[in-house]
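K.L.:
can you look at this prediction? I've put the sequence above it.
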Amino acid sequence: MSKNCIVANKTRNVLPFIPFEAIKNETLGALYILSVVIVSTIEIQKLNLTYRNINKPTDILSFPLSETEGEIYISIDETKKEAVKFDRSYENFLAYIFIHGCIHLKGYDHGSTMEDIEIQIRKKFKV
């Protein structure tokens, strides 16, 4: 990982290989500074409550800090649960939500434009 894409695992979960930096570069650009933090279900629930006023865990949260810097928080346990719901492998779904989170950092909200961008990037990374 470069200094522009740092992944910090604050859990005991072993992460599968996900090309975080390549996806970040494709989605946000090589100069974008991104921190990816892997957190527990309890921690992501606290973040979700604090920043979205939703008192339940989620799989991913994206926080743009500026036009050139952001943070993504991911709960591996929630990601595994959601993967089953979407009939995807855990590894595939982790890459899928990471792409989704990066596109949110670009300023897109849910809708057809966001979906079109996701599809292009997912094809490139076979997600």
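P.N.:
It's in.

K.L.:
tell me who's in contact with the most centrally placed residue in the chain.
P.N.:
Geometric centre of the chain, nearest residue: F98, 3.0 Å, by C-alpha atoms, centre = their mean. By C-beta atoms under 8 Å, 6 or more residues apart in numbering, F98 lies in contact with 18, 20, 23, 36, 60, 72, 74. (Glycine included, C-beta is placed from N, CA and C.)

K.L.:
now the third one: phi and psi?
P.N.:
Phi and psi for I23, reported as degrees, to the nearest 10, are phi -60, psi -40.

K.L.:
pretty sure it is touching E118, no?
P.N.:
No: checked against C-beta atoms under 8 Å, the pair I23 and E118 is beyond contact range at 11.1 Å.

K.L.:
on that earlier part again, using the three-state scheme, assign the residue nearest to the centre of the chain.
P.N.:
State at F98, reduced to three classes by DSSP: H, G, I helix; E, B strand; the rest coil: helix.

K.L.:
low-confidence ranges, the protein, go.
P.N.:
Within the chain, the stretches with pLDDT under 70 are 1-2.

K.L.:
ranges for the strands of the protein?
P.N.:
5-9, 33-39, 60-66, 69-75 (DSSP state E).

K.L.:
would you turn these into a markdown table with mean neighbour count?
P.N.:
Rendered in a markdown table, the data for these read as follows (neighbours: other C-beta atoms under 10 Å):
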| stretch | mean neighbour count |
| --- | --- |
| strand 5-9 | 15 |
| strand 33-39 | 21 |
| strand 60-66 | 15 |
| strand 69-75 | 22 |
